[in-house]
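Engineer: here's my sequence, what's the structure:
(2 chains)
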Number of protein chains: 2
Amino acid sequence: MTKIITISREFGSGGRQIGHQLAERLGIPFYDKDLIKMAAEDIEIEEHIFEMYDEAFMEKEEVEYTPFSHTYEVPMSDQIFVAQSRVIHRLAEHGPCVIVGRCADMVLKDEQCLNLFFYASFKKRVQRLLELEQLSQDHVKEMERRVREIDRKRKDYYQYYTGNEWGKPQNYHLCLDSQKAGMDACLDAAIAYMAHLN
Amino acid sequence: MTKIITISREFGSGGRQIGHQLAERLGIPFYDKDLIKMAAEDIEIEEHIFEMYDEAFMEKEEVEYTPFSHTYEVPMSDQIFVAQSRVIHRLAEHGPCVIVGRCADMVLKDEQCLNLFFYASFKKRVQRLLELEQLSQDHVKEMERRVREIDRKRKDYYQYYTGNEWGKPQNYHLCLDSQKAGMDACLDAAIAYMAHLN
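Structural biologist: Numbers count the residues shown, from 1 in each chain, chains lettered A, B, ... in the order given. Predicted coordinates:
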């Protein structure tokens, strides 16, 4: 039975791409960056501000305080999380789809979902990204830093908004190494598992 | 292509049972407690001593020191680990099989294996074990303690002998929740994934 599928993924694992293929194979919509646009329209702010906060909550020093204001100002990152969550709920009401990132697994924790987590060895992820961006081995160190930084942001974001540990198997139905057996292996495994979900 | 399949599992998740069914479905041997017997025969010690140390390494205070001996005495738990590892290597040489626990994933890290980790929510595991042992809900607290204790032992044992973190997705090809979609879902997912392994 086709479900709402939420995808969490280490940076460079190809989880987003597998999610896209999964949506295609099942003939259901795929939502990733589109969520940003929809949520931005909802709260009427500019998309580029939204993108800045997407899947990254701001450290305290980056939040603008308004100590002399008499109204409590909700930090922009929290406003954006709430707006995205509303969009995620709305999409889920429309039926099966694939949603990548943005804590969708926890936002939809009361819905019937299939929650997947994709990972791969650090080295393989770095190499995959270099190939994708057509960069030489001279850029390995720089790419390693980027992978570490984005993973850390996703981890902090997930922890901050859900209180749960990102990438802990118990939060997901299935966790899959996307590089050891290839992406088709992950697709087939996820579809085989999902066939048994009520 | 059928491989050597290693199974790690939280206590009560049913991972052992899934491993058994997987071996049956693939028509390959299944090794669990049998490893104990084979390794015990290898180093000529009694099976009941072996069982005491199986998947549990002894804390320092439990190791018998021989400070005045001129020979260094290898702790029994280490002797047993080495003997079991030898048996695991021997079995792997004979071709595809399913091996449950005993750090087989790390013992065979240079072989072509499919490494699986099975888990389920704490509550579901406790309930499953109560049902299996035909115990009433009066035994919940006692069973919860047992589940925590055995998980901790497996975690410590794995950490001690491999230096890796037990249940961390990156150590396995696939991590599967065994209770959310049932055991057949896990079987089908593992077989679908394995079909793509070289």
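Engineer: what is the longest helix seen in chain A packed up against?
Structural biologist: Counting by DSSP state H, the longest helix found in chain A is helix A:140-162. On a contact count with 3 or more Cβ pairs under 8 Å, 6 or more residues apart in numbering or on different chains; DSSP states H and E, helix A:140-162 meets helix A:104-107, helix A:122-132. All C-beta spots, glycine's among them, are computed from the backbone N, C-alpha and C.
Engineer: could you redo the last one with a cut-off of 7 Å?
Structural biologist: Under the contact criterion of 3 or more Cβ pairs under 7 Å, 6 or more residues apart in numbering or on different chains; DSSP states H and E, helix A:140-162 touches helix A:122-132.
Engineer: ok and the helix it packs on relative to helix A:140-162, angle-wise?
Structural biologist: 110 degrees (axes from the mean of the first three to the mean of the last three Cα atoms, to 10 degrees).
Engineer: indicate whether helix A:122-132 makes contact with chain B.
Structural biologist: No - with Cβ under 7 Å from any Cβ of the partner chain as the criterion, chain B is not reached by helix A:122-132; the gap is at least 8.5 Å.
Engineer: all helices of chain A, in order?
Structural biologist: A:15-26, A:34-43, A:47-53, A:76-93, A:104-107, A:122-132, A:140-162, A:183-194.
Engineer: give me the residues contacting the last one.
Structural biologist: The contact list for helix A:183-194 (Cβ atoms under 7 Å, 6 or more residues apart in numbering or on different chains) reads A:3, A:14, A:17-18, A:21-22, A:25, A:114, A:116, A:118, A:173-174, A:176, A:178, B:174, B:181, B:185, B:188-189, B:192-193, B:195-196.
Engineer: kindly report the same for the first one.
Structural biologist: Among residues not part of helix A:15-26, those counted as contacts by Cβ under 7 Å, 6+ apart are A:2, A:5, A:7, A:9, A:29-30, A:32, A:96, A:98, A:100, A:118, A:178, A:183, A:186-187, A:190.
Engineer: now the angle between helix A:183-194 and it, please.
Structural biologist: Using the same axes, to 10 degrees: helix A:15-26 against helix A:183-194 is 60 degrees.
Engineer: A:G182 and A:Q170: what is the separation?
Structural biologist: 26 Å (Cβ to Cβ, to the nearest Å).
Engineer: can you check A:R154 too?
Structural biologist: Taken as Cβ to Cβ, the span from A:R154 to A:Q170 is 18 Å.
Engineer: A:R146 now?
Structural biologist: For A:R146, the distance to A:Q170 - Cβ to Cβ - is 28 Å.
Engineer: list, one by one, the residues from chain A near chain B.
Structural biologist: Residues of chain A lying close to chain B by Cβ under 7 Å from any Cβ are A:117, A:119, A:121, A:167, A:169-170, A:173-177, A:180-182, A:184-185, A:188-189, A:192-193, A:195-197.
Engineer: rerun at 10 Å
Structural biologist: Residues of chain A lying close to chain B by Cβ under 10 Å from any Cβ of the partner chain are A:10, A:114-115, A:117-122, A:167-177, A:180-198.
Engineer: show me the contacts for the residue positioned nearest the centre of chain A.
Structural biologist: By Cα atoms, centre = their mean, chain A has its centre lying nearest to A:G101, at 1.3 Å. The contact partners of A:G101, by Cβ atoms under 10 Å, 6 or more residues apart in numbering or on different chains, come to A:6-9, A:15-16, A:19, A:31-33, A:35, A:54-55, A:84, A:154, A:157-158.
Engineer: torsion angles phi and psi at it?
Structural biologist: Dihedral angles of A:G101 (phi, psi; degrees, to the nearest 10) stand at phi 70, psi -160.
Engineer: flag the shaky bits of chain A, pLDDT-wise.
Structural biologist: Low-confidence segments of chain A (pLDDT under 70): A:1-2, A:35-36, A:39-73.
Engineer: what's the distance between the nearest residue to A:A104 once chain neighbours are set aside and A:C103?
Structural biologist: Spatial nearest neighbour of A:A104, chain neighbours left out: A:T6 (4.1 Å); criterion: Cβ to Cβ, 6 or more residues apart in numbering or on different chains. Going from A:T6 to A:C103 by Cβ to Cβ gives 9 Å.
Engineer: got a list of what A:F30 touches?
Structural biologist: With Cβ under 10 Å, 6+ apart, A:F30 has these contacts: A:5, A:7, A:16, A:19-24, A:97-100.
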